[in-house]
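Engineer: Just the structure for this:
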Amino acid sequence: MKFKLVEDIDTLDKVIDLQKEMDTWDYGVVQDGNKFLYDDNNISKVDWGRYVTYTINELTDIKLGTCWDFTNYEYYKLRKLGLNPKAYFIMLKKTTGPWTEKTKDNEIDTHSFVTVNVENDTYWIESAWWNNRGVHKINSLWDVISRFDEQYGSDKEFDLYEYDPTGMDGLSMREYSIRAQQKKVLSRNSS
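Structural biologist: Predicted coordinates for the structure are as follows:
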């Protein structure tokens, strides 16, 4: 029988505490002094052409954001705990989700999330995708992809990138998407 060290249990508790903090946040944006929350179904009123990611200080104050903002904040907080988190950005092609971005050749849905290793286990921290919120022990990134497959279908093309979100505040949707495409780690293409 293998026992976990006390400091490893404490570390996992801190990761879970961060997730509990994120559970109190809203998914949405502030524009012109108005909150637009996904749960209120008024998110369609947002001028996404004016959206930019928030700073860590702004996030601490407003306690809301998009998956990109949540990822930036979680990555920052986990680094402050002395951990080495990894941030991921997925681009799902040919989808019709609520965050679908129409490009010249495709409709693209994006999402970002964080993983962290505690001892020999990897945990997916999900705060923005309500149906999957929580700290999930995973064997590989394919465990996360399987959740996308359940929602969007396993025939969807995707590219998954690992990236460092440090300093990725004040970016437009396009700027964030481009900068997040740092290191492709998984892909599924129809060709």
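
Engineer: Going along the chain from the least confident helix or strand in the chain by mean pLDDT, find the next helix or strand for me.
Structural biologist: Least confident helix or strand, the chain: strand 101-102 with a mean of 54, by mean pLDDT, DSSP states H and E. Past strand 101-102, further along toward the C-terminus, the next helix or strand under DSSP states H and E is strand 107-118.

Engineer: What pairs with that following strand, parallel or antiparallel?
Structural biologist: Partners of strand 107-118 in the sheet, by DSSP bridges, are strand 86-93 (antiparallel), strand 101-102 (antiparallel), strand 121-126 (antiparallel).

Engineer: avg pLDDT for that strand?
Structural biologist: The pLDDT scores in strand 107-118 average 89.

Engineer: Now residue 22. Nearest residue, chain neighbours left out?
Structural biologist: Spatial nearest neighbour of residue 22, excluding adjacent residues (C-beta to C-beta, 6 or more residues apart in numbering): residue 127 at 3.8 Å. No exception for glycine: its C-beta is placed from N, CA and C like everyone else's.

Engineer: for residue 11, same thing?
Structural biologist: Residue 11's closest residue in space is residue 118 (C-beta to C-beta, 6+ apart), at 5.2 Å.

Engineer: Same question for residue 144.
Structural biologist: Leaving aside its chain neighbours, residue 144 sits nearest to residue 124 (5.3 Å; criterion: C-beta to C-beta, 6+ apart).

Engineer: Same question for residue 72.
Structural biologist: Using C-beta to C-beta, 6+ apart, the closest residue to residue 72 is residue 165 (4.6 Å).

Engineer: Pretty sure the one you found sits in a helix.
Structural biologist: No. Using DSSP: H, G, I helix; E, B strand; the rest coil, the assignment for residue 165 is coil, not a helix.

Engineer: Number the residues from 3 up from this point.
Structural biologist: Will do, 3 is the new start, and the previous item becomes residue 167.

Engineer: from what I can see it touches residue 73, true?
Structural biologist: Yes. Taking C-beta atoms under 8 Å as the definition, residue 167 is a contact partner of residue 73 at 5.7 Å.

Engineer: Now for the two: what residues contact both?
Structural biologist: 89, 114 (C-beta atoms under 8 Å, 6 or more residues apart in numbering).

Engineer: Mind listing what's buried along the lengthiest helix in the chain?
Structural biologist: Longest helix of the chain, by residue count under DSSP state H: helix 8-25. Neighbour counts using 16 or more other C-beta atoms under 10 Å place 13, 14, 16, 17, 20, 21, 24 of helix 8-25 among the buried residues.

Engineer: What is the burial count for the residue nearest to residue 146?
Structural biologist: Residues near residue 126, counting by other C-beta atoms under 10 Å, number 19.

Engineer: Residue 155 versus that one, what's the distance?
Structural biologist: Distance from residue 126 to residue 155, counting by C-beta to C-beta, to the nearest Å: 20 Å.
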